[in-house]
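>>> Need a 3D model of the following:
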Amino acid sequence: MRDQYGRKIDYMRISITDKCNLRCRYCMPEGVEIVPMSHLLTFEEMVQVCTAAAELGIRKIKVTGGEPLVRRGAPALIGMLRDIPGIDSVTLTTNGVLLKKYLPDLLANGLKSVNVSLDTMDRTLYRQITGQDAFPQVMESIEAAVDAGLQVKINTVLLKGVNEDGWEQMISYARSHPVDVRFIEIMPIGAGKTYSGVSNEELLRRIREKYPALKEDISIHGNGPACYYSIPGFAGGVGFISAMHGKFCNHCNRIRMSAQGEIKPCLCYGTSVDLRRALRKEFAAGQPSRLQQGTQPPAELKNLLAEAIYQKPQAHCFERADEITENKKMISIGG
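Alright, predicted model coming up:
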């Protein structure tokens with residue numbers, strides 16, 4: 001399906017929980033309120049939503065959180081989503097702490113690609129950023145995923161005064177490992193408003209100084225707006241997602257759904273469409289519906305999704321802070 005500006009929307013990111021086993025400063029600092037489990041969509045409800053989305057042209061799904069692997073049964077959901085007619089790929093974003101533990105189940109359910117959020121290669125700094133001493137587990141998970149044949153991407157957010165000088169260590173990992181290390185500019189949402197990020201434009205300049213043979217890689221690496229580069233002699237690549245200094249709204253192909261069933265056409269604005277109410281309107285007191293897999297999605301659900309896609313805003317306004325209307329933290333929206 002195309003939105004009102006003619007963009008083809010074929011990619012959906014779904015958060016399956018707002019819980020996380022880390023406490024990263026810019027995403028989920030201590031004290032964030034966790035919603036009751038009954039407010040989250042059940043896996044069956046998520047399948048209903050994604051089935052309706054597939055009928056509207058969604059072909060790629062990314063499972064996110066919170067940390068998706070803290071929700072019981074997450075690997076099975078990957079398989080349920082892959083079985084939806086019309087869905088071509090289902091991928092996962094994780095902090096990597098539990099990835100090695102659940103890797104056999106994820107592989108059995110058809111996972112082919114995983115993104116791991118990791119902001120530093122320094123164990124001490126990792127503990128300072130995340131609040132947990134889990135760096136060894138994350139690295140073991142990444143290596144296990146690579147060894148299993150998964151496509152692996154590492155997502156890194158550089159913050160001034162925190163980890164801005166760690167980019168060389170991050171890139172060096174791609175020298176001997178077939179992974180893409182991607183630098184994501186922090187957006188002024190939630191706790192992210194209190195931090196200053198490193199411009200990818202400036203970072204690319206620094207990388208070119210160190211690696212003059214760096215060249216653009218136009219091959220397709222995934223579903224999103226990342227720009228990729230290769231360095232001769234490196235097993236992996238370097239990518240940039242530049243929401244702030246490389247605005248890609250003209251090519252945006254995605255919508256997001258929170259764990260509570262709210263469709264977010266754009267991260268910048270507080271506008272959302274409540275699908276949970278449509279899913280549960282026939283059930284007492286808005287309790288989770290007991291839908292069976294394979295049940296046809298309610299017509300109202302599909303109509304709401306279609307309206308959300310069509311009304312997607314033309315562009316974000318992150319460069320104009322006074323026009324941003326989203327007040328929720330990223331953990332509540334979904335990564």
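
>>> Next up, the contacts around residue 269.
Going by CB atoms under 8 Å, 6 or more residues apart in numbering, residue 269 touches 313, 316, 324, 325, 326. No exception for glycine: its C-beta is placed from N, CA and C like everyone else's.

>>> So the fourth one is in contact with residue 272, correct?
The reference is to residue 325. No: in this structure, residue 325 is not within contact of residue 272 by CB atoms under 8 Å, at 10.8 Å.

>>> Same drill for those two, tell me which one is more crowded.
residue 272 (20 against 9; other CB atoms under 10 Å).

>>> show me the contacts for the more buried one.
Neighbouring residues of residue 272 by CB under 8 Å, 6+ apart: 258, 262, 263, 264, 265.

>>> Look up how far residue 326 lies from it.
When CB to CB, to the nearest Å is applied, the distance between residue 272 and residue 326 equals 9 Å.

>>> what does residue 271 give?
Separation of residue 271 from residue 326 (CB to CB) stands at 9 Å.

>>> So for the two, which sits in the more crowded spot?
For residue 271 versus residue 326, the count of surrounding residues by other CB under 10 Å is larger for residue 326: 22 against 16.

>>> what sits against that one?
Residue 326 sits in contact with 189, 267, 268, 269, 270, 333, where contact means CB under 8 Å, 6+ apart.

>>> Output the lowest mean pLDDT helix or strand found in the protein.
helix 330-333 (a mean of 74; mean pLDDT, DSSP states H and E).

>>> How far does that helix sit from its chain's centre?
For helix 330-333, the separation from the chain centroid amounts to 11 Å (computed by CA atoms, centre = their mean, to the nearest Å).

>>> again with stretch 256-274
14 Å.

>>> tell me the mean pLDDT over that stretch?
For stretch 256-274, mean pLDDT rounds to 94.

>>> Only the buried residues of it, if you could.
Neighbour-count burial for stretch 256-274 flags 256-268, 271-273 (criterion: 16 or more other CB atoms under 10 Å).

>>> do stretch 315-332 as well
For stretch 315-332, using 16+ other CB under 10 Å, the buried residues are 316, 318, 324, 326, 328, 329, 330, 331, 332.

>>> Likewise for stretch 23-39?
In stretch 23-39, counting by 16+ other CB under 10 Å, buried: 23, 24, 25, 26, 27, 28, 32.

>>> Determine how far the last residue of that stretch lies from the first.
Terminal residues of stretch 23-39 are spaced 22 Å apart (CA to CA, to the nearest Å).

>>> Show me the contact partners of that stretch.
Residues from elsewhere that reach stretch 23-39, judged by CB under 8 Å, 6+ apart: 18-20, 22, 66, 117, 119, 129-132, 157, 159, 162, 186, 190-192, 194-195, 259-260, 276, 287-288, 329-332, 335.

>>> Sort out for me which of the buried residues of stretch 256-274 are in strands.
Among these, the members falling in strands (DSSP state E) are 256, 257, 262, 263, 264, 273.

>>> For the stretch 201-335 of the chain, which segments are assigned as strands?
Here the stretch 201-335 of the chain has its strands, by DSSP state E, counting those that start in this stretch, at 215-217, 227-230, 237-241, 254-257, 262-264, 273-274.

>>> wait, which of those strands is closest to residue 7?
With CB to CB as the criterion, residue 7 lies closest to strand 254-257 of the strands of the stretch 201-335 of the chain, at 9.6 Å.

>>> Adjacent strands (with direction) for the closest one?
strand 11-15 (parallel), strand 262-264 (antiparallel) (DSSP bridges).

>>> okay, those in a markdown table with distance to residue 80 next?
Converted to a markdown table, these look like this (distance: least, CB to CB, whole Å):
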| stretch | distance to residue 80 |
| --- | --- |
| strand 11-15 | 12 |
| strand 262-264 | 19 |
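
>>> what's the closest of the ones you listed to residue 303?
Comparing the strands paired with strand 254-257 by CB to CB, strand 262-264 comes nearest, at 12.1 Å.
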